[in-house]
Structures are given as C-alpha cells and as structure tokens.
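Trainee: Make a model of this:
(chains A, B, C and D)
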2 protein chains.
Amino acid sequence: MARENVHTRPLNDREASVLQALIYEYITTGKPVGSRSFVQKYSFSISPATMRNIMFDLESMEYLKQPHTSAGRIPTDSGYRFYVNSLLDTYDFSLKEREISVKEEAIKNEVQLDKIFSVITRMLSSESHYAAVMLTPRFDFTVVKRIVLVPMGNNDILFVLITRTGMVLTKKVTISANVTQDDMYAYSAYLTEELCGYAVYEIMDSIFERLRQERSTYSNKDMALDIAQLAISDYEEPRLHIEGIENLLKIPEMVEEERLNSLLSIIEDKNILKRILEKAIENEGIRTLIGEEVEEDKVKGCSMVSASYKIGNKLVGAVGVIGPTRMDYEKVVPLVDYTGRVVTELLTKMSK
Amino acid sequence: MARENVHTRPLNDREASVLQALIYEYITTGKPVGSRSFVQKYSFSISPATMRNIMFDLESMEYLKQPHTSAGRIPTDSGYRFYVNSLLDTYDFSLKEREISVKEEAIKNEVQLDKIFSVITRMLSSESHYAAVMLTPRFDFTVVKRIVLVPMGNNDILFVLITRTGMVLTKKVTISANVTQDDMYAYSAYLTEELCGYAVYEIMDSIFERLRQERSTYSNKDMALDIAQLAISDYEEPRLHIEGIENLLKIPEMVEEERLNSLLSIIEDKNILKRILEKAIENEGIRTLIGEEVEEDKVKGCSMVSASYKIGNKLVGAVGVIGPTRMDYEKVVPLVDYTGRVVTELLTKMSK
DNA sequence: ATTAGCACTCGGCCCAAACGAGTGCTAATA
DNA sequence: TATTAGCACTCGTTTGGGCCGAGTGCTAAT
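Mentor: Coordinates of the predicted model:
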C-alpha cells in the first residue's frame, strides 16, 4: 500500500508519543535514533518495521529528519517546537514549592540591585547547565522615593535617586551657576516632595511639565527642576547579564565550527541578545525560540528559553537560558518560568 | 666532530638572531619550523644543514624542542622567555606618542569609574586580539573628598562617599537608633570635616582611633563614627574585568582539549586570575608569565602579560592580556605597558 | 494494519601504503 | 675548523580499500 503523502495533519496518539519519546531520547543521548534499539529501550509493543513506518510519516510531516540516508532520525526545529508545546500544555504553571532554592537572604541586603541580578543569572546558569541571560528592568518604571543633591565641587552636583525598591542611582550633573549647600538642601526637599511616588516615565511624561506650569509661583525652584531633568533624561539603558558561557563550551556539539561561530557572535555582540530579550518583554510568561526561530542570521543551532518579569503589573524585563537546539527543555522551561516568577515577586515586594 | 654537549652558556650573535627569528616565525604561523624553508624565508646565508646544527645546539640548551622526532622545532618556555627578555631590552619604555588612542573624551565624564575600566579592558582586548583583564584599584588607597549620609527610611541610611577621583561609592547601613534629618546633616559635615583628604587605609588604621580618643569632647558625634566605620569596614574588594574571551576561542590551538580546559577554568573561577594579577601589583611595571611560569596548576598552555598601575606613587591595580603561549609578545608587551601607564596617568590626574 | 525478511546504504574504523617535511650523521670541501 | 652536500631514516599525515554494524525502504506474508 502506498503511504499517503502526508504533509500536515494532527498527529494521532501513537505518533505523538513516539515523537515525544524520540526527541527525549535524542536530547539525552545526542545521537540519531534508530528504529530497533528505540523500540526496545522504550518498550513500544510494535516491531521495528512499524516504528520505521511511523518515523517515515513523521519525517514526511517534517517533524524528523535524517542526517544522512540510512542513519537514524533526529528532530527538526518543528519537531522541537511540537515537543516544547506539549510540555507547555502539561506543565503546571502554578507556583508551587520547588527544590530550587533562591538564596533570598543573600539577596536581601544588597543595595546594588545589579549584584542581585548577577546572582540570579549565575544561579540560573548553574541550575540549567547552560548559559543564562538577564535583561535588567526598564528604568522608566522605577518609582522615586527620595532625591538628594550633593555638591561635589567645581559646579558638579551628584544627583542621588533612591527608588522604592531601595536601589540607588547616581548621576553627576554639571551646572553653570553657583549653588550653595543650603540651596541643595532646599532643592532636595522640593524634588523629593514633588516627585516621590511617581514612576520615572510619569515624571518624564507629565510631572515636569506640570511643575513648570507652576513655575511662576515657585520660580526659585527652577534650577532644581533643571538638574533633575538633566539627570533623569539620559538614564541608563537596561543592561545585559550573561553567565555560564563555559557550560556551552563543555557541550561537544557547540564547539564544532558552525555553532562556535554562533557562540562567538553572541558573546561579541551583546546587542543580538538584547534584541531577542526585548522582544520577550512584549509578552507575559514563557517563550521559546528553537533553532531557526531565532531570527538573527548570525545565530545558528541555538535555542533560547526566556520569560518576562514584572514589577507590579508592568512588564519590565526578561531572563532566559541559551543552549543548543538539543536542549533539555523539560528541565529548562519550568526553571526559567520559575525564575521569572521569583524575580517578579522580588522586585514587586521591594517596590511596595 | 662531536658537538660539545652544551647546557648553558651565553648565545652568540648568530644563535640569538636565529632563535629570535624562529620564535617569530612560530608565533606567526603556529607550525613547527623546519630548517630548509626557514633558511629560505629569512634569507639566512647559511645552508639548511648548518641551520640544523644551530638548531641542535639551541635544542640542547633547551630553548627549542621538537614536538616529535623528525618534525621542525618549536620554542620551549625558556625560548619564549629569552625572546621576551630581548624584547624588553630593546623596547623604548619612554611614553611616546602612539597610534593607540585612548578615547579620553569618552572617559572623562563618567562618574562610574567602573565603566571606564570596562572601556579600557575592552580596548585592550580588541587592540591585542587576545583576552584582556583588569583588576580595579585597591579601595584602601582611595582618598575621601566628601561624605554624605542620606536617610532612606526604616532606620536605613545611605552612606555616600565621594572620592577625590570623583568616584561615588554608596553603602546601605542599618542602625538601631532613630536619627533625624538634621542629625544627618550634622554628621555628614562632621565626617567630611574629619576624614576629607585621608586615604581609606589611613582612616581605618588610625583616624578612627584618634577621633574616638577625642570622643569625651564630641560624644554626640559618636553615632556618626559608628556609621562610617560600619560602611567603610567591609568595602568592596577589587573586582576583575574580563573582555575578549571570544578572541581566544578564535585561535585554533586554544579550542583543543587541554587548552580549552584551561580556558574554562579561567572563566569559571575568577579567583585564579585575581591571584595572578594581585601578584602583579607587588612590583612596578611589566611582567610576563609564560606557560608553566603561571603557577596555577589548572592553567596550561597560556601566557599572561601584565602591568601594574598606580595612583600617585602607590601601586593599586593591574591590567593584563591573556593568550596562548604562542602569543605576539612583540605587540602585546608594549601595548600592555602603555595601557598601564595610561591608567596610572588617568587615575592620578583624577585624584589631584 | 502489522510484521518478517531482505537487499541496500553509508558512516566509522582499521590497516596498509605512499608521501613529504624534516632530521642526524658522515664525508667532502673551503 | 666551520660549512655543506648527500643520504638513510623517522614519523605524522593523507589516501584508499575493506569490513562492520546500525539503519533504511520495500515487498510479501500474516
């Protein structure tokens, strides 16, 4: 009987479970999966020949491919995609107790939020055994708690912004006029008074404008506003943390020509990763990019699992794991998801 | 004639120039150097046979070795050592105009000294085409210019230290007592008054003690001292910047088994590099470690060229380049030397 | 629809041969 | 005495054939 030339149709149960098992096997061993040993190892109660027929069908539906004639099968990108989707279907996304312990104590006392991000990224990398990345929160959602101006001499002023999260941001501002120490105290009080409780994006969007309107009344606060606007205007971009590149170098297939080049691009040009993660911020929750789905032409043979995180209910940043297409999705997907939630919780709690 | 069994003696001119050329050739091509092509390429006016005799002598003096019988020669660690030493002899260490331009403008306006260090490290790596490292200056030589205490609420105080170099260091300190805003102003003034102009190590060593002595008189400044001591006591360790690992991955021989492991160790355990660079701080000027001279048993087949830098006349940090033993010393040595000088100049100027 | 059987494919491994770049030694030479 | 030509020898690398084994597709029987 000539097998129908299937191109796309829903998989039946048996095909689905074969595909799932096969990808699992390939992820584990890294070697093409052949019919005989596969049937044995997974105790399918069908013969190798039948398995071959199924494989043939899966191949013509482009879930599988052969690295060369008369070798076993390996998953295509769509194969991995199917696998990940079915994981997402079954994975329990309620945040339950896990063995993965975020060392919260280590984190609590840090003013420098950046260090927290380093720790989290490093943990994610060591838990996953791949490389981890994290994009720091967008600055514009940061909420102001207090502002202090400190004179530094030579008309330089240090603008210190303390956020609700307890983070400290400093920026040096140079002005032309002379300002006394007492002026500084007054300005600090004024700015704190007016800006406290607002997010940076609100301040930029409207608060400054409103205060300027009132300027006729408070014209002596003019300078204070100038300073604040100057300091806030070019505040820092989100930064990218990367950890665990060494894990990728330990994976044999990543050190092969083509993949190694991808890796080099990633390390060299951090903007590539930034772009990818910025996309991840656009949607809530987890996101996987498999092989070619990573739309950066310099990146080949890599996959990326990412999750966005929030402060309150604003999406502000993203974390992720980078690995070979043959990645242990089953482990990584929940891990990244969980990490995203932890970061959300942490930042939200801090900003209360 | 049986050649004398030379073990150690000064090289004659011809031997020296052969050795130098041979190492240069090996550094360039990475392949064992054989007598015939070598004589041709470098227009030595001797026959291959004579060259072989010279090589034999150099080998018995352990400047050269053969990877296997009947292959060409490659340098031993002592060979490289000789090469580097003769470079150091001839290199003009007076700081003259160079094509390497440090983008000083880009650097001037940064408060965050850390960013400057990133820039310098990245430049060093891209200029050298190897990996660059930099150990940030020891904190204890930093000179205090001004201290400001900022209340953060919940008994938390932000301790802001402005250094003479214009760097800003912040530290959150939690105290048990209640302190008013006015107290803060007073404390800030007091601390600035007393500590300004002193280096941190002096403050730790004696100033605190002296001020405590006077405490009977100024007993209400007690709290201020406590806060300062708390904040300064566990100030940050020098940090390590690394850039340009990707350059190393591009070198074929570094991706081979053994070397790759060295690389992995270096990336994974930054303390290894820290130890090496800390040693470099002990002496002024340039320092090269070739192959086995790197006394970290996990590191094999790598060399390191480093230079210490100063603030004023105190040695406070070090920069360096890591590469394969077969490194382009001729280029790297002056480059690292120069970078060290630039950093010294920069920091010294800033702290004036 | 499933299975057993079979011919066929193809990468990996082993081995042997050929190659080539290089050496050390010896004897001739300047 | 230092240099050189000549030559036999070494050894890593490349080339190619043969074999093995895992795997496939197809066909015919169940």
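Trainee: tell me which parts of the stretch 51-200 of chain A are close to DNA strand C?
Mentor: Within the stretch 51-200 of chain A, the positions adjacent to DNA strand C are A:53, A:68-71 by Cβ under 7 Å from any atom of the strand. For the C-beta atoms, the positions are set from N, CA and C on the backbone; glycine is no exception.
Trainee: Which members of the residues you listed are the farthest-apart pair?
Mentor: Among those, the pair separated by the greatest distance (Cβ to Cβ) is A:Asn53 and A:His68, at 20.2 Å.
Trainee: More neighbours: these two, which one.
Mentor: Comparing A:Asn53 with A:His68 by other Cβ atoms under 10 Å in any protein chain shown, the one with more neighbours is A:Asn53, at 14 against 6.
Trainee: gap between that one and DNA strand D?
Mentor: With distances taken as Cβ to the nearest atom of the strand, to the nearest Å, A:Asn53 is found 8 Å from DNA strand D.
Trainee: List the buried residues in whatever helix or strand that residue lives in.
Mentor: In the assignment (DSSP states H and E), A:Asn53 maps to helix A:48-60. In terms of neighbour count (16 or more other Cβ atoms under 10 Å in any protein chain shown), helix A:48-60 has its buried residues at A:48, A:51, A:54-55, A:57-59.
Trainee: what's it packed up against?
Mentor: helix A:13-29, helix A:35-41, strand A:64-65 (3 or more Cβ pairs under 8 Å, 6 or more residues apart in numbering or on different chains; DSSP states H and E).
Trainee: Of all the ones you listed, which one comes closest to A:Tyr198?
Mentor: Nearest to A:Tyr198 among the helices and strands packed on helix A:48-60 is helix A:13-29 (48.2 Å), distances taken as Cβ to Cβ.
Trainee: What lies in contact with that closest one?
Mentor: Contacts of helix A:13-29 with the rest of the structure, by Cβ atoms under 8 Å, 6 or more residues apart in numbering or on different chains, involve A:11, A:32-33, A:38, A:41-42, A:44, A:51, A:54-55, A:57-58, A:63-64, A:73-75, A:79-80, A:82-83, A:86, A:326-330.
Trainee: sec struct for the one residue in the stretch 51-200 of chain A that gets nearest to DNA strand C, please.
Mentor: Per Cβ to the nearest atom of the strand, A:Ser70 is where the stretch 51-200 of chain A lies closest to DNA strand C, at 3.0 Å. Following DSSP: H, G, I helix; E, B strand; the rest coil, we place A:Ser70 in the coil state.
Trainee: Would you mind measuring from it to A:Arg52?
Mentor: A:Ser70 sits at a distance of 12 Å from A:Arg52 (criterion: Cβ to Cβ, to the nearest Å).
Trainee: quick revisit: which ChimeraX command selects the buried ones in the contacts of helix A:13-29?
Mentor: A single ChimeraX command selects the buried members of the contacts of helix A:13-29 (16+ other Cβ under 10 Å):
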select /A:11,32,33,38,44,51,54,55,57,58,63,64,73,74,75,79,80,82,83,86,326,327,328,329,330
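Trainee: quick one on the thing from earlier: take the residues of the stretch 51-200 of chain A next to DNA strand C and write them to a markdown table, including distance to B:Tyr187.
Mentor: Converted to a markdown table, these look like this (distance: Cβ to Cβ, whole Å):
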| residue | distance to B:Tyr187 |
| --- | --- |
| A:Asn53 | 82 |
| A:His68 | 76 |
| A:Thr69 | 80 |
| A:Ser70 | 81 |
| A:Ala71 | 75 |
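Trainee: do the lengthiest helix in chain A and chain B meet at all?
Mentor: As assigned by DSSP state H, the longest helix anywhere in chain A is helix A:329-350. No - legend: contact between helix A:329-350 and chain B by Cβ under 8 Å from any Cβ of the partner chain is lacking; minimum distance shown is 12.3 Å.
Trainee: Output the contacting helices and strands for the strand or helix carrying A:Tyr190.
Mentor: Using DSSP H and E, the element containing A:Tyr190 is helix A:181-195. Counting contacts by 3+ Cβ pairs under 8 Å, 6+ apart, helix A:181-195 packs against strand A:144-153, helix A:222-233.
Trainee: ok, 10 Å please
Mentor: Helix A:181-195 sits against strand A:144-153, strand A:156-163, helix A:208-213, helix A:222-233, helix B:181-195, with contacts defined as 3 or more Cβ pairs under 10 Å, 6 or more residues apart in numbering or on different chains; DSSP states H and E.
Trainee: TSV for the residues of the stretch 51-200 of chain A next to DNA strand C, including pLDDT?
Mentor: Converted to TSV, these look like this (pLDDT from 0 to 100):
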residue	pLDDT
A:Asn53	94
A:His68	88
A:Thr69	86
A:Ser70	84
A:Ala71	88
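Trainee: What is the nearest of the residues you listed to DNA strand D?
Mentor: Closest approach between those and DNA strand D, by Cβ to the nearest atom of the strand: A:Ser70, at 4.2 Å.
Trainee: So A:Ala199 sits against A:Thr165, correct?
Mentor: No - applying Cβ atoms under 10 Å, one finds A:Ala199 not in contact with A:Thr165, separated by 11.6 Å.
Trainee: where do the contact lists of these two overlap?
Mentor: By Cβ atoms under 10 Å, 6 or more residues apart in numbering or on different chains, A:Ala199 and A:Thr165 have these common neighbours: A:142-143, A:311, A:351.
Trainee: Where does pLDDT dip in chain A?
Mentor: Along chain A, the model assigns pLDDT under 70 to residues A:1-8, A:92-112, A:215-220, A:257, A:352.
Trainee: near DNA strand D, which residues of it?
Mentor: Going by Cβ under 7 Å from any atom of the strand, the residues of chain A near DNA strand D are A:32-37, A:48-49, A:52, A:55-56, A:59, A:66, A:69-73.
Trainee: Could you name every residue contacting both of A:Ser70 and A:Arg52?
Mentor: Common neighbours of A:Ser70 and A:Arg52 (Cβ under 10 Å, 6+ apart) are A:Gly34.
Trainee: so what's A:Gly317 closest to, chain neighbours aside?
Mentor: Nearest non-adjacent residue to A:Gly317, counting by Cβ to Cβ, 6 or more residues apart in numbering or on different chains: A:Pro137, 4.4 Å away.
Trainee: shouldn't the one you found be in contact with A:Val143?
Mentor: No - in this structure A:Pro137 lies outside contact range of A:Val143 using Cβ under 10 Å: 11.4 Å.
Trainee: Residues that sit against both of these two, list them.
Mentor: Shared contacts of A:Pro137 and A:Val143, defined by Cβ under 10 Å, 6+ apart, comprise A:165, A:311, A:351.
Trainee: Can you tell me which of the residues you listed has the most neighbours?
Mentor: Highest neighbour count within the shared contacts of A:Pro137 and A:Val143, by other Cβ under 10 Å: A:Ile311, with 24 neighbours.
Trainee: ok, that one - contacts?
Mentor: A:Ile311 makes contacts with A:137-138, A:141-143, A:164-165, A:199, A:317, A:343-344, A:346-351, as judged by Cβ under 10 Å, 6+ apart.
Trainee: what bridges to it?
Mentor: A:Lys314 (DSSP bridges).
Trainee: Provide the count of other residues in contact range of A:Asn271.
Mentor: A:Asn271: 11 surrounding residues under other Cβ under 10 Å.
Trainee: so it is in which element?
Mentor: Here A:Asn271, judged by DSSP H and E, is contained in helix A:270-281.
Trainee: by contact count, what packs against that helix?
Mentor: When contacts are defined as 3+ Cβ pairs under 10 Å, 6+ apart, helix A:270-281 sits against strand A:131-135, strand A:240-243, helix A:257-268, strand A:286-290, strand A:302-311, strand A:314-324.
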